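Peer 1: Fold the following and give me the result.
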Amino acid sequence: MLHTPPTTPSPLLRALALAALPLLSLLARQATGGDPATPAIRLNQLGFLPAAGKLAVVESADARRFEVVRDGDDAVVVVGDMAPAAEWAPAGRRVAIADLTGLSVPGRYRLRVEGLPPSDPFPVGPEVYAALADAALKGFYFNRAGASLEAAHAGRHARAAGHADTEVEIHASAASATRPAGSVISAPGGWYDAGDYNKYVVNSGITMYTLLAAWEDFPGFFRGRDVGIPESGDAVPDLLDEAWWNLRWMLAMQDPDDGGVYHKLTNLRFDGAVMPGAARKRRYVVQKGTAAALDFAAVMAQAARVYAEFEPQFPGVPARMREAAERAWAWALAHPDVPYRQPDDVATGAYGDDSFADEFAWAAAELFLLTGDAAYLRAFERHAAEPAVPSWAQVDALGWSSLARHRDRLPDDATRERVAAAIDALAERLATRSREAAWRIAMGPEDFVWGSSAQALNQALMLVQGYRLTARRDYLDAAQSQLDYVLGRNPLGVSFVTGHGLRTPMRIHHRPSQADGIVEPVPGLLSGGPNPRQQDLDECTAAGGYPSKLPALSWLDQDCSYASNEIAINWNAPLVYVAAAIQALTPAE
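Peer 2: The predicted model follows:
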């Protein structure tokens, strides 16, 4: 059994500390003047590890010299020159970069540039992202369906349970001979997908991969970490206890008669801005489809590998997940082109996808690693395109990354080299884009989509894959730079993680945060980020609309803004991964 080290706070104390983070963030804003106005000097508001790459962005066409001073006594500790300013198209601004990498002594500092107000204070220290990773993981607990959140774990965000999902109807689109329309099944557990109260297999796919990959890549970081969930202190790492809450729901989404997988469990219409316990509309499972079956097969194969280590705590579960994965794969082979089509009477999230080569490739890779059957590797080779930054609809990179993670299981050197080269090529492209961009991130105008914050973190995730293969420090530094963007080094000067930073989202599109009567939102959740498509413009007109149509500025901190300020499980997962990766991989000195 794993035991919490004596120096680790109890689950209750950790829960209360995490719950208090929004208040601490508010106090920090007050301590710096109370006005959360956007600063001219942008940097990571959580600070830096001592040996990390450290960049600040300065919005000035003329500034050349900078100095870092110790906060409190203004002692100058670093001076340097910035390169000439350059324009960053997504924000339409000219900026210069201040490289603070030489600053390695733990402490609290500010950056000063002549003619500009000093920067926010920022720390340098050995554990600056550990609490972020913990809070991002605990964000999933706050989104549990079918569970009451007790004050001992949720603090002031305690709430009653909602959506037991023990009596869910088979929708007409999902009917079969053995499960006709209107018959009832039980599919409890799982996480609310985003700001709404529905649950989607396809979006759970990339979410579960990312969390399980975090365990596979950084077990030393996650083993023994208690984040203050009900299971904390048992013999299973909290990361895997929390993942199991969603995996058990996913298992219930498979038809036991034919192996097919329902696309989603949902109301016919979205709930209003009410707490989970007040949302009582009828729930349905809707249509089986190829994408759901293959994402399910991939996740269950990966999970069967991961949970094999914890067979005593999950007796029979790894074998059950393997069987479920193989049956879902067989269903997909028999139904290789069944896209999800939204029924006329259903108006919740679609997560529609008409191309399944990437899902076939990912599932084949995971099944090969689980079973060793060469037929799955051949299937991967037939279907796989070169890896790209992953998203829920584009999962090729997940299969490539799993094969790279377990290269020792590949049959020959040529295959190992090809897999490593594919990952390295993507990391090289991203690092090059970051190095050449005025803002020093890989995000171009095309990357500012629904969930652009997660796009930045998934770029970082792939840079980390490259670093783990090659140990190229520029890959790790580029991944750090992506995290810096999310945590405040962006044109808005906002840390997109609730409760973590000096300026954070306060009115996220998230029903519990909207309806609980608490000013601060649930902590540890990633706002979607700038999205120039502004699909919610009509809903947000009364709130004043968006401040800009420029890609990197098109963000609105209003709960009407589902297009830029919603949260989602597939966005929080790379936050967990990248925060842990930077914390675990950055050299100590």
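Peer 1: Sketch out the strands for the protein, chain order is fine.
Peer 2: Using DSSP state E, the strands of the chain run over residues 41-42, 55-58, 65-70, 76-81, 86-88, 93-99, 107-113, 122-124, 168-170, 184-185, 199-200, 262-266, 284-288.
Peer 1: Adding mean pLDDT and mean neighbour count, write the ones you listed out as a markdown table.
Peer 2: Backbone N, C-alpha and C define where each C-beta goes, glycine included. Output for the strands of the chain, formatted as a markdown table (pLDDT from 0 to 100; neighbours: other C-beta atoms under 10 Å):
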| stretch | mean pLDDT | mean neighbour count |
| --- | --- | --- |
| strand 41-42 | 97 | 24 |
| strand 55-58 | 97 | 24 |
| strand 65-70 | 97 | 18 |
| strand 76-81 | 96 | 14 |
| strand 86-88 | 96 | 16 |
| strand 93-99 | 96 | 20 |
| strand 107-113 | 97 | 21 |
| strand 122-124 | 98 | 21 |
| strand 168-170 | 98 | 20 |
| strand 184-185 | 98 | 14 |
| strand 199-200 | 98 | 29 |
| strand 262-266 | 98 | 28 |
| strand 284-288 | 98 | 25 |
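Peer 1: Can you add distance to W245 and give these back as JSON lines?
Peer 2: Formatted as JSON lines, the strands of the chain follow (distance: least, C-beta to C-beta, whole Å):
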{"stretch": "strand 41-42", "distance to W245": "37"}
{"stretch": "strand 55-58", "distance to W245": "37"}
{"stretch": "strand 65-70", "distance to W245": "44"}
{"stretch": "strand 76-81", "distance to W245": "46"}
{"stretch": "strand 86-88", "distance to W245": "40"}
{"stretch": "strand 93-99", "distance to W245": "42"}
{"stretch": "strand 107-113", "distance to W245": "38"}
{"stretch": "strand 122-124", "distance to W245": "33"}
{"stretch": "strand 168-170", "distance to W245": "17"}
{"stretch": "strand 184-185", "distance to W245": "19"}
{"stretch": "strand 199-200", "distance to W245": "11"}
{"stretch": "strand 262-266", "distance to W245": "14"}
{"stretch": "strand 284-288", "distance to W245": "18"}
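Peer 1: Nearest to A136, out of the ones you listed?
Peer 2: strand 122-124 (18.7 Å; C-beta to C-beta).
Peer 1: Quick check: can you list the domain ranges of the protein?
Peer 2: 50-125, 130-492+569-585 (automatic domain parsing).
Peer 1: Same list (those domains) but as a markdown table, adding distance to R507.
Peer 2: Formatted as a markdown table, the domains of the chain follow (distance: least, C-beta to C-beta, whole Å):
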| stretch | distance to R507 |
| --- | --- |
| domain 50-125 | 22 |
| domain 130-492+569-585 | 11 |
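Peer 1: Pick the most deeply packed of these.
Peer 2: Across the domains of the chain, averaging neighbours per residue (mean count of other C-beta atoms under 10 Å) puts domain 130-492+569-585 on top, at a mean of 21.
Peer 1: if you skip the residues just before and after it, what's nearest to Y485?
Peer 2: Nearest residue to Y485, sequence neighbours excluded (C-beta to C-beta, 6 or more residues apart in numbering): I441, at 4.9 Å.
Peer 1: shaky segments in the stretch 1-150 of the chain?
Peer 2: 1-37 (pLDDT under 70).
Peer 1: Helices along that one, start to end?
Peer 2: 11-19, 21-31, 130-142 (DSSP state H, counting those that start in this stretch).
Peer 1: Now do the same contact list for the residue nearest to A86 when sequence neighbours are not counted.
Peer 2: Among residues not flanking A86 along the chain, A438 sits closest, at 3.9 Å (C-beta to C-beta, 6+ apart). Taking C-beta atoms under 8 Å, 6 or more residues apart in numbering, we find A438 in contact with A85, A86, E87, W88, R94, V95, I97.
Peer 1: From those, pick the one nearest A515.
Peer 2: Using C-beta to C-beta, W88 is the member of these that lies nearest A515, at 37.9 Å.
Peer 1: roughly how far apart are D234 and G524?
Peer 2: Look at D234 and G524: by C-beta to C-beta, to the nearest Å, they are 21 Å apart.
Peer 1: for P512, same thing?
Peer 2: 13 Å.
Peer 1: anything in contact with each of those two?
Peer 2: Joint contacts of P512 and G524 (C-beta under 8 Å, 6+ apart) are F142.
Peer 1: who has more neighbours, those two?
Peer 2: When P512 and G524 are compared on other C-beta atoms under 10 Å, the one with more neighbours turns out to be G524, at 30 against 23.
Peer 1: May I have the phi/psi pair for the more buried one?
Peer 2: Backbone torsions of G524, given as degrees, to the nearest 10, read phi 80, psi 20.
Peer 1: The one 10 residues further on too?
Peer 2: Dihedral pair for Q534: phi 50, psi 50, per degrees, to the nearest 10.
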